[in-house]
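1. A predicted structure for the sequence below; I have some questions about it.
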Amino acid sequence: MIRPCARSFPVSATESLPAPQLTGAQSRHLRGLAHKVKPIVFVGEGGLSDAVLKALGEALDQHELVKVRLRQPPDKKAAAEELAKRSASALCGVVGHTVVLYRPHPETPKITLPGKA
């Protein structure tokens, strides 16, 4: 279960930016890229704490495409959507207990999405 934090603070400098809107082809492309990536952030029994949000924000700033491993939430899809919302990222997919999130770097994106120039 993802528990809300008592405090609210910026996840990163890009938190004020809206989450990117992805097409089906773009999500599929990102899931393919994420296949070889190992989970970087782990959400344990403590839920979505300040430390998890900070680690997720830093990982997204550095890698753009991040896998997050969840520890048996009752509703994985709702937990994944909450992670994406709170990190200002796009939800690319949920497979088992693993969530794939994408947030492009504001100045120099590393990943080129299909259908974008």
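-> Yep, it's here. Numbering: from 1, shown residues only.

2. which SS state does the spatially most central residue of the chain fall under?
-> In the chain, the C-alpha nearest the mean C-alpha coordinate belongs to residue 101, at 3.0 Å (Cα atoms, centre = their mean). Here residue 101 is recorded as strand under DSSP: H, G, I helix; E, B strand; the rest coil.

3. if I look at it, how far off is residue 31?
-> Counting by Cβ to Cβ, to the nearest Å, the gap from residue 101 to residue 31 is 11 Å. Any C-beta I mention is one placed from the backbone N, CA and C, and that applies to glycine too.

4. what sits in contact with each of these two?
-> Overlap of the contact sets of residue 101 and residue 31 (by Cβ atoms under 8 Å, 6 or more residues apart in numbering) consists of residue 92.

5. circling back to that earlier point, gap between the residue nearest to the centre of the chain and residue 22?
-> 11 Å.

6. Who are the contact partners of residue 23?
-> Counting by Cβ under 8 Å, 6+ apart, residue 23 touches residue 115.

7. Check what pLDDT it gets.
-> With respect to pLDDT, residue 23 has a value of 90.

8. before we move on, what about residue 4?
-> At residue 4, the pLDDT value in this model is 46.

9. got it, and residue 98?
-> So residue 98 comes in at 94 (pLDDT).

10. Over to the one 10 residues further on?
-> Model confidence at residue 108, expressed as pLDDT, equals 85.

11. quick one: it and residue 39, what's the gap?
-> From residue 108 across to residue 39, the span is 25 Å (Cβ to Cβ).

12. Neighbour count for these two, which is higher?
-> Per other Cβ atoms under 10 Å, whichever of residue 108 and residue 39 has more neighbours is residue 39, with 17 against 6.

13. From residue 93, how far out is the more buried one?
-> With distances taken as Cβ to Cβ, residue 39 is found 13 Å from residue 93.

14. Run through this structure and note the low-pLDDT ranges.
-> Along the chain, segments meeting pLDDT under 70 span 1-17, 116-117.

15. Apply 90 and report the result again.
-> 1-22, 44-50, 71-76, 79, 105-117 (pLDDT under 90).

16. No further queries at this time; thank you.
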